[in-house]
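Visitor: Just to be clear, the model below is a prediction. Sequence and coordinates:
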Protein chains: 2
Amino acid sequence: MSTYSIGIDVGGTNTDIGLVRDDGVCVAKRNLPTNKYYDADIYVSDIYDQIKLLMLENKVDAIDGIGIAAPVGNYYTGCIENASNLNFKGIVNLKELFKGHIDVPVVVSNDANAAAYGELIYGGARGMKHFIMFTLGTGVGSGVVVDGKLVLGKTGGAGELGHAILIPEGRQCGCGNKGCLETYTSATGIRRTALEMMAHTPTYSGALSKIAPEELTSKMVGDAAKYGDSLAIEVFEKTGYLLGVAMANAVTFSGPEAIFLMGGPVKAGDVLLNPLRRSFEDHLCFIFKGSVDIRVSELPDNDAAILGAAALTKA
Amino acid sequence: MSTYSIGIDVGGTNTDIGLVRDDGVCVAKRNLPTNKYYDADIYVSDIYDQIKLLMLENKVDAIDGIGIAAPVGNYYTGCIENASNLNFKGIVNLKELFKGHIDVPVVVSNDANAAAYGELIYGGARGMKHFIMFTLGTGVGSGVVVDGKLVLGKTGGAGELGHAILIPEGRQCGCGNKGCLETYTSATGIRRTALEMMAHTPTYSGALSKIAPEELTSKMVGDAAKYGDSLAIEVFEKTGYLLGVAMANAVTFSGPEAIFLMGGPVKAGDVLLNPLRRSFEDHLCFIFKGSVDIRVSELPDNDAAILGAAALTKA
């Protein structure tokens, strides 16, 4: 008989709540508008109602646990801590709040760590002991699995490779440092690279030069590259090159079996993956050469975050 | 009653063999000339004779185990694999060879991983769950401890942060890549920086300008810096700056409690440590700021390698 767990993806705008079967299928989901809530008690109470509805509608009597992926979610404490994009200020103890409603294990973690667990339990990393997940989005997140377990570190904040410095004194990052990986290889970073290259190529008159900088997205750059736009291709060459260096560096740390990646910019496909794989193999320390695969997440796009959250309960 | 183990440090020139008491004191040691041996059977047999002598002379009836720190020593297999600085070619299975002589656990690892274990069992990292050891010597080695265990990775070769790329397309490294950390912050790297700075400062006529490049060592640069030589101080400013960036990057990976360092260049003292700590705190990702100590190894210099090797038996 199948067992079930709940995966909750807390985003700044929406909260997705999914009922996940143990074979990794999200059988049903519901959502709530996160940004409409200012009181964490009511927020959790409303989520719990959605969980009950999901269970009733799908004739599920019991769940194994609740996994929650949230911005700055802390695995050790079960709290969301000072999330800049949520209305709940300070420290919100989700684990404690859920205890008032239901007596099952509640596990909280940040998005990228949840994504790594999702890949481990339901995705392409099943059976692996050592791998690293990179999530490319507005920023760059990462989750590191060593000996089958997530690396959490002293405070639960480990696996922040998006803020490893790739280019000392390079691009200004929102975190206050300069040259962090995410300033180059996030969706935002790709957009910056495109604008930078246009500034340095005044003769360029391709598709991207018709779009106002404010409206330019990494997806547009990806689409342009697929249609053969030489500047857009160059943007992804640079992005892949730098991401390849960062991934080769990550390998020197944990010597993994594979590196996974997910997120919007990955949809650019080979235009990103080809230069990335080339740079990765070029820069990989010789003792690891040929032994580490770069792979795209096998989780279905629409449910990846919910599956990642649900996977936390299997940790 | 005290218990004892054996720590063996396999160097290219000498092999040091120490009898280590469980409180971390190396009570006696002996050595053999590694480079005189071409046959691994005879080498191990002679080491075993030295172990017997150490035990007899010190009235020790039994040992808990034998730990061996060796170039490219593999924890998983118990082998030395194609060591470039030893006469034994190919793969030498030390674990198997010792089995022919004595029935105790034999554990093999590379030098930097052994150093990390030494710190964990006998040194300043006692009781820590998460820390990183950097060893600065001819190269830069590292050992990473997560959840109280060494990170070994898929093949046993993890923890090679000396070959993480700090400056893309930077200095040529012996490994084939460019810009690896060790090209800047090893003893060899410090020497290179001094030569580079002299090339760029033709007016410099200080102590280092009197030394033939072939004879220049990082120790001389360190001594000059201690005596106030401005160029030498500048060399360590740069070295500390870059090592600080690399250590801040390492923190994003495993979120450790502390970073330890040992090795020749560390003896330069504050002239290295001050700029290092400054750069480290500057570049540390904000979520870790103020939470990670940089500490010098607490193992006694002369016995550090033997203690590290012996500590492997407590893993």
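Guide: Received, thanks. Residues are numbered from 1 along each chain as shown, chains lettered A, B, ... in the order given.

Visitor: mind listing the strands for the stretch 1-150 of chain A?
Guide: A:4-10, A:14-21, A:26-33, A:66-69, A:73-74, A:79-81, A:91-93, A:106-109, A:131-136, A:140-146, A:149-150 (DSSP state E, counting those that start in this stretch).

Visitor: Going by secondary structure, A:Leu242 is in what exactly?
Guide: Assessed by DSSP states H and E, A:Leu242 sits inside helix A:230-254.

Visitor: Can you list the neighbours in contact with the helix or strand just after that helix?
Guide: Next along the chain after helix A:230-254, taking DSSP H and E as the criterion, comes strand A:258-262. Applying CB atoms under 8 Å, 6 or more residues apart in numbering or on different chains, the external contacts of strand A:258-262 come out as A:115-116, A:119, A:123-125, A:128, A:131-136, A:247, A:250-251, A:280, A:292-297, A:299, A:304. The way it works is simple: take the backbone N, C-alpha and C, and place the C-beta from them, glycine included.

Visitor: give me the residue from the stretch 101-250 of chain A nearest chain B.
Guide: Across the stretch 101-250 of chain A, the shortest distance to chain B (CB to the nearest CB) belongs to A:Gly153, at 2.1 Å.

Visitor: Just give the closest residue to that residue, not the sequence neighbours.
Guide: Spatial nearest neighbour of A:Gly153, chain neighbours left out: B:Gly255 (2.1 Å); criterion: CB to CB, 6 or more residues apart in numbering or on different chains.

Visitor: That neighbour contacts A:Thr155, doesn't it?
Guide: Yes. Between B:Gly255 and A:Thr155 a contact is recorded at 6.0 Å, counting by CB atoms under 8 Å.

Visitor: So which bits of stretch A:180-200 are buried?
Guide: By neighbour count on 16 or more other CB atoms under 10 Å in any protein chain shown, the buried set for stretch A:180-200 is A:180-194, A:197-198.

Visitor: Next step: these restricted to helices.
Guide: A:182-185, A:187-194, A:197-198 (DSSP state H).

Visitor: So which of those residues is the closest to B:Ile167?
Guide: Distances from B:Ile167 to those, taken as CB to CB, are shortest for A:Tyr184 (14.9 Å).

Visitor: and the stretch 51-200 of chain A, which residues reach chain B?
Guide: Applying CB under 8 Å from any CB of the partner chain, one finds that the stretch 51-200 of chain A approaches chain B through A:129-130, A:144, A:146-147, A:149, A:151-168, A:175-177.

Visitor: one step back: can you put the ones in helices among the buried residues of stretch A:180-200 in CSV and add pLDDT and distance to A:Ala224?
Guide: Shown next, in CSV, are those (pLDDT from 0 to 100; distance: CB to CB, whole Å):
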residue, pLDDT, distance to A:Ala224
A:Glu182, 96, 22
A:Thr183, 97, 21
A:Tyr184, 98, 18
A:Thr185, 98, 18
A:Ala187, 96, 14
A:Thr188, 95, 17
A:Gly189, 97, 16
A:Ile190, 98, 11
A:Arg191, 97, 12
A:Arg192, 97, 16
A:Thr193, 98, 13
A:Ala194, 98, 9
A:Met197, 97, 12
A:Met198, 97, 11
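
Visitor: From the residues you listed, pick the one nearest A:Val72.
Guide: A:Glu182 (15.4 Å).

Visitor: Could you pull up the contacting residues of that closest one?
Guide: Applying CB under 8 Å, 6+ apart, the residues contacting A:Glu182 are A:139-140, A:162-163, A:173, A:188-189.

Visitor: got a list of contacts for the host helix or strand of A:Phe280?
Guide: A:Phe280 is part of helix A:270-283, with elements assigned from DSSP H and E. Helix A:270-283 has contacts (CB under 8 Å, 6+ apart) with A:222, A:225-226, A:232-233, A:236-237, A:239-245, A:247-249, A:259, A:265-266, A:289-290, A:292, A:294, A:296, B:165, B:177.

Visitor: which residue sits farthest out from the middle of chain A?
Guide: In terms of distance from the mean C-alpha position of chain A, A:Thr203 ranks first, at 36.5 Å (CA atoms, centre = their mean).

Visitor: For that one, give me the pLDDT.
Guide: For A:Thr203, the pLDDT comes out at 96.

Visitor: Flag the shaky bits of the stretch 201-315 of chain A, pLDDT-wise.
Guide: Under the criterion pLDDT under 70, no range of the stretch 201-315 of chain A is flagged.

Visitor: What residues does it have near chain B?
Guide: Residues of the stretch 201-315 of chain A lying near chain B by CB under 8 Å from any CB: A:242, A:245, A:248-250, A:252-257, A:283, A:285-288, A:291-292.

Visitor: mind redoing it with 6 Å?
Guide: A:245, A:249, A:252-255, A:257, A:283, A:285-287 (CB under 6 Å from any CB of the partner chain).

Visitor: tell me which of these is nearest to chain B?
Guide: A:Gly255 (2.2 Å).

Visitor: Give me the number of neighbouring residues for that closest one.
Guide: By other CB atoms under 10 Å in any protein chain shown, 25 other residues sit near A:Gly255.

Visitor: for A:Lys52, same thing?
Guide: A:Lys52 has 12 nearby residues by other CB under 10 Å.

Visitor: Report the contact partners of A:Phe288.
Guide: Residues near A:Phe288 by CB atoms under 6 Å, 6 or more residues apart in numbering or on different chains: A:Val251.

Visitor: Identify the residue spatially nearest to A:Asn87, adjacent ones excluded.
Guide: In space, A:Asn87 is closest to A:Tyr38, 4.8 Å off (CB to CB, 6+ apart).

Visitor: same check, this time on A:Ser2
Guide: Per CB to CB, 6+ apart, closest to A:Ser2 is A:Arg21, 5.1 Å.

Visitor: Kindly report the same for A:Ala164.
Guide: B:Asn249 (4.2 Å).

Visitor: Likewise for A:Val60?
Guide: A:Val60's closest residue in space is A:Tyr4 (CB to CB, 6+ apart), at 5.0 Å.

Visitor: so that neighbour touches A:Gly65, yeah?
Guide: No. At 9.7 Å, A:Tyr4 and A:Gly65 do not qualify as touching, with contact defined as CB atoms under 6 Å.
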